[in-house]
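**Q** Build me a model:
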Amino acid sequence: MDLVCRGNNLHDSSSSTENGNVNAPLAVSDPSLIARRTLPYMVEEEKTCRPTPYCSSVQKQITPCMRQVLAMWMLQVCEEELCEEQVFPLAISYLDIYLSRIPTEKDNLQLLGSVCMFLASKYRDTVPLGASKLCFYTDNSISLSEIVQWEVALLSVLGWELATASPSDFLEPILRALPFAASLDLKSVLSHLHSFIYLAAVENQFVLFHPSTIACACVGITMQRLTLLQDR
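**A** Model prediction:
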């Protein structure tokens, strides 16, 4: 499986179009969605659509190594295209749910990853990733028609539920529930947190963990790291 990604430039949050990068406005946090009272509902919701250990059961051709290589490529594409921070974790959630249910040939794995990013970007980005841009990142090994066909298939498997919980969704509610939340530089803390979430999304051993568990672990590690830096 040959995965291709050109470039490695990392920028601040922005979005892109078919013709190039543009500085598009990003949505601000909705207080009603990040309030402490929403956490119990989110925890219940994350239980309704979780992946299973598919590499040892459902999948006959897909190995953990293949999944990890694909996840790294997806992360590179999302970073290169300046996707919002929630796009990559959400795309990985779509990927794991699909692979938990549908046997997939290894030759179609990169196509599936592309469609997962396509849908996640539509749901999360102000200016979503274009299908032709995704074809470019695969060295045109996939076609526009394949993306459209697999998009319908992925939506069917997801039950058209694009609001699947990912670790990113739990970050702000958890942070704002902390007693010292008011003293935090939220933008800086979230940047650290998303770095850890990306690492967890790439690693296969975290596939079966609940998003809230991953988010809590990332918050704990980040708070400890920031405390150590402040004490120096």
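**Q** Where does the residue nearest the centre of the chain fall, secondary structure wise?
**A** With distances taken as Cα atoms, centre = their mean, the residue of the chain nearest its centroid is Pro89 (1.5 Å). Assessed by DSSP states H and E, Pro89 sits inside helix 87-101.
**Q** Helix or strand next in line after that helix, which one?
**A** Following helix 87-101 toward the C-terminus (DSSP H and E): helix 109-124.
**Q** Now that following helix: average pLDDT?
**A** Averaging pLDDT along helix 109-124 gives 96.
**Q** now stretch 59-70
**A** Stretch 59-70 carries an average pLDDT of 93.
**Q** Going by neighbour count, list what's buried in it.
**A** Gln59, Ile62, Pro64, Met66, Arg67, Val69, Leu70 (16 or more other Cβ atoms under 10 Å). C-beta: built from backbone N, CA, C; applies to glycine.
**Q** got the contact list for it?
**A** 1, 3, 54-55, 95, 99, 103-106, 109-110, 113, 202-204 (Cβ atoms under 8 Å, 6 or more residues apart in numbering).
**Q** Just give me the closest of the residues you listed to Ser195.
**A** Of all the contacts of stretch 59-70, Ser195 sits closest to Val202, with 11.3 Å by Cβ to Cβ.
**Q** For the closest residue to the closest one other than its chain neighbours, which residues are in contact?
**A** Closest residue to Val202 apart from its sequence neighbours, by Cβ to Cβ, 6 or more residues apart in numbering: Ala71 at 4.5 Å. The contact partners of Ala71, taken as Cβ under 8 Å, 6+ apart, are Ile92, Leu95, Gly113, Ala201, Val202.
**Q** just to revisit the earlier point, mind checking how far the helix holding Pro89 is from the chain centre?
**A** 8 Å (Cα atoms, centre = their mean, to the nearest Å).
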